[in-house]
Structure formats: C-alpha cells, structure tokens
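S.K.: for reference, the sequence and a predicted model appear below.
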Amino acid sequence: MSLRITLLGTGAFALPPFRSLMESAKHEIVGVCTQPDRTGRGHHRHVNPVKLLAEEFGVPVFQPERVNTPESLDALRELQADVFVVAAYGQILKPEFLAIPRLGAFNLHGSLLPRHRGAAPVQYAIWKGDTQTGVTMFQIEPALDSGPMVGKIETTIQPGETSGDLMLRLADLGADLTLSVLDQLDHETAVFEAQDSSLVTLAPKIHKEDGVINWTQAAVQVACHVRAMQPWPRAVSWLHSAQRKPIRCILQNVQVADASSASTSVAGRIGLQDKNMVVSCGSGSIRVIRIQPEGKAAMEAHDFANGYGLSDDAYLGSAT
C-alpha cells in the first residue's frame, strides 16, 4: 500500500523531509501547498524554496494567500489526500482544514514537545539554555501544538551551536522521522501519545526587539541569547564611549569568560584583557570574539577594540 500525501510548508525546515518523501517514491505526493511568492527589498520577487522543490519533482503547487478560505479548502479536497504533512507552513489551520484528509494532518515540530510549543521552538531551546532538543511529529488539533505525538527524535545541542545551525540539523532529523511516521500510518502501527500539559512551555514568534542584549543577565544567559538570535534578528547592543555617539553593534560570536563570579563592574562595562574584549554581565562575564559595528563589515573583537580606541569608560548597553 501507499498513501496519497499533500505537503504544506514554506521555510527551509520543510525541505529535507519533503525532498525525502519525493525521492523515496514510497508514497504518492499529490500536491504541495506553500505560501505565495513575496516581494522583498528592491522589489525583487522571492520564490520560496518549497515551490522550487515541488517544481523540480513535477508536483502540482498551490499558493493560497489564506488556506482556510472555502475556495482553498475545496482545492485541497480535490487532491483526495489520505494525510497532510505540515512543516513550517506559517498559517493557522482551522478545523475545516483538519477534517479533510482521511488519516488527519500531522506537523513536524522543531522541539521535544510539550516543551517549546509555538512559532520559534529552535530559538527558544538555545535561548533557554537547553542541552537536549529534537523533532516531534504530532497530529494537529485546533489548540496550538497540542495534539497527540506519534514520533520523536532527540539530539544534543552542541556547544556554540546557533539557531541557524541547529535548524538545519533538526530538519535533517525530521526527514527520517517523517518517513518513519508515514510508514506507521500506512501500516496502521502508529502509536499516539498524549502530551503532558504540566510540562508545556511556550516559544512565541521572535521579534526584532528580542535581539537586544540584557547585560544584567548572567554570562551564560547572555551567551545563549547571542547564539539564539542568529541568523535573525541577531544580538545587538550599543557601544558607548567618550566623545562618540552610541554605535549599534551586532555580536556575532561570544564565549563565556567567567560563568558565575559576582561582577565587580557595572553590567555591560568593557574591559580589555590581553587584547581580548571582555564584557561584565549581571554575574560573570563574556569574551566577545566577533562583532559587527553598524555600516561596517564583521571583524575580530580585538581588531574592533584597537580600531575604535576603546577606553576604560566604554560599555555596551541600550541605544540611549
């Protein structure tokens, strides 16, 4: 036997599982539903990568502005899919949508549910200092990421790993998980496990202002935040020093210099130690490795410190 499958996704997280399904030929991919092409800076039209993948395999592509309209739902019904597979689609899916496929709709989620329900599970896993994460496949219900789980793969978050790095690894793990779950659904061997509501944490959408660094936090928290904000919105702070206007800076790479000692300096104060740029935190300190001042290319922190002639009064903080 094989299943008729409709895929719904837009972001890069969807590419490995969708490609694996198309290449395996174990099931019939009857259609791909993805977000419309968008216009970015300079009025350039950006074609999303899921659309390109579908066209590569000759799979029909459907790009509704809103997937829950009567017209969109009718188009999905015409595909007569047994199951919907959803990954990073980006639209809320209503009960009328969920009722269409015979076996239901299943979502590939970038965390070990019920931890980090929401739009940004990968970022929050790093931001909150988790050491383990993974991917979960669950049956979609109207409540946010609350449906029964049908499979998980766990992995260790690597030291220094950014959200962008981790997202790519989880997407690859998601490819294996998706194939396994669909085989189980096809053979009626899938085991559905309810989520423990007492363990739920939320991972809401990341906004640009979330990138601003709070130097009163512990050094470990600041380092996790910097990694979590890459590749977007990136971790930012403003350099303040004598006789200069504040300079907006992106911190690209940092390391914990001192994890827990009580700070002897004001949070955000910059110290130069053996040509290293060390910043005091609420407790402990971090060493800045790479930094990008606004309007300039990224550079090694010691080159930045020398080039900008940082003095003892220099500190990183808010814009004002």
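M.R.: Looks like it arrived, so ask away.

S.K.: for the stretch 151-300 of the chain, which segments count as helices?
M.R.: Counting by DSSP state H, counting those that start in this stretch, the stretch 151-300 of the chain has these helices, from start to end: 163-186, 219-228.

S.K.: now for the last one, which elements pack on it?
M.R.: Spelled out, it's helix 219-228. Judged by 3 or more C-beta pairs under 8 Å, 6 or more residues apart in numbering; DSSP states H and E, helix 219-228 is in contact with helix 121-127, strand 247-262, strand 283-293. (Glycine included, C-beta is placed from N, CA and C.)

S.K.: among the ones you listed, which gets the worst mean confidence?
M.R.: Across the helices and strands packed on helix 219-228, strand 247-262 has the smallest mean pLDDT, namely a mean of 92.

S.K.: quick one on the thing from earlier: out of the helices and strands packed on helix 219-228, deepest packed?
M.R.: Of all the helices and strands packed on helix 219-228, helix 121-127 carries the top mean neighbour count, a mean of 25, counting by mean count of other C-beta atoms under 10 Å.

S.K.: could you dump it to CSV, C-alpha only?
M.R.: What follows is helix 121-127 as a C-alpha-only set of coordinates in CSV (Å, rounded to 0.1, in the frame of the first residue of the first chain):
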residue,chain,number,x,y,z
PRO,A,121,11.0,26.3,19.2
VAL,A,122,14.5,26.1,17.9
GLN,A,123,15.5,29.6,19.0
TYR,A,124,13.9,29.1,22.4
ALA,A,125,15.7,25.8,23.0
ILE,A,126,19.1,27.7,22.7
TRP,A,127,17.9,30.9,24.4
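
S.K.: and the helix or strand that comes right after it, what's its mean pLDDT?
M.R.: Using DSSP states H and E, the helix or strand that directly follows helix 121-127 along the chain is strand 132-139. Strand 132-139 carries an average pLDDT of 98.

S.K.: strand 132-139 - contacts with which helices or strands?
M.R.: Partner elements for strand 132-139 (3+ C-beta pairs under 8 Å, 6+ apart): strand 105-109, helix 121-127, strand 149-156, helix 163-186.

S.K.: count of neighbours near Val50?
M.R.: 28 (other C-beta atoms under 10 Å).

S.K.: ok, and what's touching the host helix or strand of it?
M.R.: Val50 belongs to helix 49-56 when elements are defined using DSSP H and E. Counting by C-beta atoms under 8 Å, 6 or more residues apart in numbering, helix 49-56 makes contact with 7, 9-12, 14-15, 18-19, 22, 32, 34, 37, 60-61, 63, all of which sit outside it.

S.K.: among these, which one lies nearest to Gln91?
M.R.: Thr10 (8.9 Å; C-beta to C-beta).

S.K.: pretty sure that closest one contacts Asp37?
M.R.: No: with contacts defined as C-beta atoms under 8 Å, Thr10 does not count as touching Asp37, sitting 10.5 Å away.

S.K.: which one of the two has more residues nearby?
M.R.: For the pair Thr10 and Asp37, the greater number of neighbours falls to Thr10 (21 against 11), based on other C-beta under 10 Å.
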